[in-house]
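> heads up, no residue letters with this:
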C-alpha cells in the first residue's frame, strides 16, 4: 500500500459500481410467485454470506429467464440486526434478461422485515432494461470466487488504521458489481460517507486490493 494514499479514495468507478445507469431506484420486491416459492429451501436463521444468499435467488431467476445475468449484489441493513464480518441478514440481487429486455430485483432475507422485505426469496416485478453498458456489466459466476466474508476481511485489514481512528464510522456500502475499468468483478466497501469515509475495492476473482495509488 502506498503510504501517500489518502484515507478516502473514491473514483468515478464507485458511482458506476453503486448504480445501474438504466434504473435509478430499485423497486420494492414482491412476495415470490407460488411456482418459484415451492422450490426455495428454508431461509437461514443467521446472517449469511453473499454466495449463500445468491444461489436461491439465482435459481429462482432462472425460472424467469434462462439467459439471466447478474448485474449487482448488495448487502442491505435492517433494524435490529448487525451485519458483521461480511455477512448480512438481507441480500439484494439485480438480475437482467437480454432476451426479455427486462431486469428484476430479488431479495433473500433470514426473516421478515415489514413492510417491504418478506422472509426468504422475494421477487420484484420485471422492469424495462436497456442492456449492458461500460459502467454496468454482467458479473459472471465463473469470476465470482471471493465471497463477501473474505472480501470484508481483506478490506477491513487495509482500513485497519483508519477504522481505529474512526471507531464510530459504520460500514455504509457493501456490494458486488462489474465495470469496464476493472479486469474482473469487484467488491466495493465504504465506511462512513463520501465527505468523511474510507472506501475499498476488492477483486471478486482473486481477492486482491485494487484501489492502491501508484
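That came through, no problem. Quick caveat, the model's predicted, so the values are computed rather than measured. Residues are numbered from 1 along each chain as shown.
> okay, helices next: where are they in the chain?
In the chain, the segments counted as helices under DSSP state H are 12-18, 34-37, 50-64, 148-158, 160-165.
> format those helices as JSON lines; extra columns: mean neighbour count.
Where C-beta positions appear, they are placed from N, C-alpha and C, glycine not excepted. Below are the helices of the chain laid out as JSON lines (neighbours: other Cβ atoms under 10 Å):
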{"stretch": "helix 12-18", "mean neighbour count": "17"}
{"stretch": "helix 34-37", "mean neighbour count": "12"}
{"stretch": "helix 50-64", "mean neighbour count": "20"}
{"stretch": "helix 148-158", "mean neighbour count": "20"}
{"stretch": "helix 160-165", "mean neighbour count": "12"}
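> ok, residue 184 touching residue 206?
Yes. If you go by Cβ atoms under 8 Å, residue 184 and residue 206 touch, sitting 7.5 Å apart.
> ok, those two, which is more surrounded?
Neighbours were tallied for residue 184 and for residue 206 using other Cβ atoms under 10 Å; the higher tally belongs to residue 184 (17 against 11).
> which residues does the more buried one contact?
Contacts for residue 184 (Cβ atoms under 8 Å, 6 or more residues apart in numbering) come out as 143, 178, 203, 204, 205, 206.
> in those residues, find the pair that's most separated.
Comparing all pairs in the contacts of residue 184 by Cβ to Cβ, the longest separation belongs to 178 and 206, at 14.4 Å.
> got the buried residues for stretch 67-78?
68, 69, 70, 71, 72, 73, 74, 75, 76, 78 (16 or more other Cβ atoms under 10 Å).
> work out the gap between that stretch and the centre of the chain.
Centroid separation between stretch 67-78 and its chain, computed with Cα atoms, centre = their mean, to the nearest Å, is 5 Å.
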